[in-house]
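*Asks:* Task: produce atomic coordinates for the following.
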Amino acid sequence: NGMTLRVDTDHLRRILTASLPPGTRAAELFIESRISVKLSVNPSESDSGLVTRVARGWETGAHLRRFSEGRHESFVLDAPTPESLEALCLHPEALEREWLTRPAPLGVPHASGNAPRVEASLTDASPASSTGPWSPGFLTSADLLAREWVEALATAVSSGAGRESGSSATLDASLQEILVLATDRDPARDTRSFIDMTLTARARSTTLREIRSAATLDGLARMSGPAGDLPGPAALLAARLARESDSSPSPSGEMPVVFASPSGGFLLHEVCGHLLEADHVLRGASPFTGARGRAIASPLLTLADDGSIPGMRGSTLFDDEGVAARRTPLIMEGVLVGYLSDRMTAIVTDGISTGNGRRQSYRDAPMPRMTNLVIEPGRATCEEILAGTRSGLLVTRLGRGRVEPATGHFVLAVEEGFLIEEGRRGRMVSGAVLRGVASDLLHAIDAVGADAAADTGAPLCVKEEQALPFGILQPTLRVAAMTVSQG
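*Replies:* All right, here's what the predicted structure looks like:
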């Protein structure tokens, strides 16, 4: 198949080892194949039903790194062939030469004898494939599901809000296969599947979205209806749209803020997680540099990064450097106990990578990144935490924000929030913005709920222009006092 990249792993590793320049301690080859499909369902311009559009994508590439003491050099190859991969490993400096597109004079023969070749066949992206995002069966099922969500939303909005709505859905599916070959450890392979559905409702001047994410289409379909006490995405979006018209401006000032599960995970992802990434720590660009072993948070807070939890959005078998995914404790009962590192920053974590070397694609170098942020639950229910909060702000959705790594100062927009009045959820407010300093916020956490839940949306984290999926598993949190202002 012309759209399948076949790689002789043993032979490539032999070339990597044989071609190490003097003074180079290791080499690593990252190979990626990614296929994708974008399916959108929108009302037709002629008002004669729904129209489906499909766009497909496929790309492959490789990224070679050679490591010397304190530095590394990188070489990137687009659309590799088996021959150009071999040439890349042996002569990366010659990337621009024409012979990379045809068999090259390698000087490293294939193994002789009857030993079988260890071959890795990266993703079959053929449009005729019987499985995967390009298969006819997948596209038919995806179209039916998207139309079902759009029609359910249109019905819910019309009956609940009594006004016309422009309902639409977009399904983004991708299948990524990676292979990491290195001279100093075993090969690592991983296949990662993401399917995200974005449901959009428009009414008058308001546009709102609900996003759901799963690894399979069946998993996404199971989210169509109610899950426990939570309504399905169409009903939830219709209810949000109806509330939006009745919202009032947010109050301003210092007040208690309760973060309903799992919204607080976004808070700690931004104001704490990034500041514990080892590249910031090494540069002294984090307020937590040199703070391991010190109390940096409330004793109620225990926090970890765990890329090994099955089914979560940030989970993988290996990171993008071939290091096995694992659980990394960060804060235990308020005490800082760890950081997140990759190969280049492992000096911060006792010389061993924590398995957090992640990259957006083969074109990028990996860097320390969070996978799944996990906050250990407490004992109180969300209702008990609210009842113990006479007045304040309840945050159910956080929007965009920013944090200054060197100082920990942050600004976060509240996408959906409610007043807390006499210990109960009150009317919806709009335009709330949260401001503060990470170290102050961590110490001000005075309640942690027992209702830990995973975020079912499709959160993306952007760092140095690389966007990566991550997961959140977090209970309700209360911060005793935060600065709330109007955006």
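*Asks:* Sheet partners, orientation included, of the strand or helix carrying residue 52?
*Replies:* Using DSSP states H and E, residue 52 falls within strand 50-68. Paired neighbours of strand 50-68 in the sheet (DSSP bridges): strand 26-43 (antiparallel), strand 71-78 (antiparallel).
*Asks:* Now stretch 403-417: average pLDDT?
*Replies:* Stretch 403-417 carries an average pLDDT of 91.
*Asks:* residues of it that come out buried?
*Replies:* Buried positions in stretch 403-417, judged by neighbour count with 16 or more other C-beta atoms under 10 Å: 403, 405, 408, 410, 411, 412, 413, 414, 415, 416, 417. In this view, the C-beta of every residue, glycine as well, is placed from N, C-alpha and C.
*Asks:* got the contact list for the fifth one?
*Replies:* Under the criterion of C-beta atoms under 8 Å, 6 or more residues apart in numbering, the contact partners of residue 411 comprise 401, 402, 403, 433, 434, 435.
*Asks:* Take the residues you listed and write them to TSV, including secondary structure.
*Replies:* TSV is the format used below for these (DSSP: H, G, I helix; E, B strand; the rest coil):
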residue	secondary structure
401	strand
402	strand
403	strand
433	strand
434	strand
435	strand
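*Asks:* Farthest pair within the residues you listed?
*Replies:* The most widely separated members of these, counting by C-beta to C-beta, are 403 and 433 (13.6 Å).
*Asks:* returning to that earlier point: quick one, which of the strands paired with strand 50-68 is packed in tightest?
*Replies:* Most buried of these by mean neighbour count (mean count of other C-beta atoms under 10 Å) is strand 26-43; its value is a mean of 22.
*Asks:* re the thing from before, return the member of the strands paired with strand 50-68 having the minimum mean pLDDT.
*Replies:* strand 71-78 (a mean of 89).
*Asks:* Heading C-terminal from that strand, find the next helix or strand.
*Replies:* Downstream of strand 71-78 (by DSSP H and E), the next one is helix 82-90.
*Asks:* mind listing the helices for the stretch 101-250 of the chain?
*Replies:* For the stretch 101-250 of the chain, the helices defined by DSSP state H, counting those that start in this stretch occupy 136-161, 217-221, 233-244.
*Asks:* Highest mean neighbour count out of those helices?
*Replies:* Mean neighbours per residue, mean count of other C-beta under 10 Å, is largest over the helices of the stretch 101-250 of the chain for helix 233-244, with a mean of 21.
*Asks:* who does it touch, helix- and strand-wise?
*Replies:* If you count contacts as 3 or more C-beta pairs under 8 Å, 6 or more residues apart in numbering; DSSP states H and E, helix 233-244 packs onto helix 136-161, strand 188-203, strand 206-214, strand 424-430.
*Asks:* can you put those in a markdown table and add mean pLDDT and distance to residue 17?
*Replies:* Listed next are the helices and strands packed on helix 233-244 as a markdown table, based on pLDDT from 0 to 100; distance: least, C-beta to C-beta, whole Å:
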| stretch | mean pLDDT | distance to residue 17 |
| --- | --- | --- |
| helix 136-161 | 84 | 40 |
| strand 188-203 | 91 | 17 |
| strand 206-214 | 89 | 40 |
| strand 424-430 | 93 | 60 |
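*Asks:* can I get these in a markdown table with distance to residue 313?
*Replies:* Shown next, in a markdown table, are these (distance: least, C-beta to C-beta, whole Å):
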| stretch | distance to residue 313 |
| --- | --- |
| helix 136-161 | 19 |
| strand 188-203 | 8 |
| strand 206-214 | 6 |
| strand 424-430 | 28 |
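*Asks:* Looking at the strands paired with strand 50-68, spot the one closest to residue 137.
*Replies:* So among these, strand 26-43 is nearest, using C-beta to C-beta, at 12.6 Å.
*Asks:* Let me know the angle separating that closest one from strand 188-203.
*Replies:* 30 degrees (axes from the mean of the first three to the mean of the last three C-alpha atoms, to 10 degrees).
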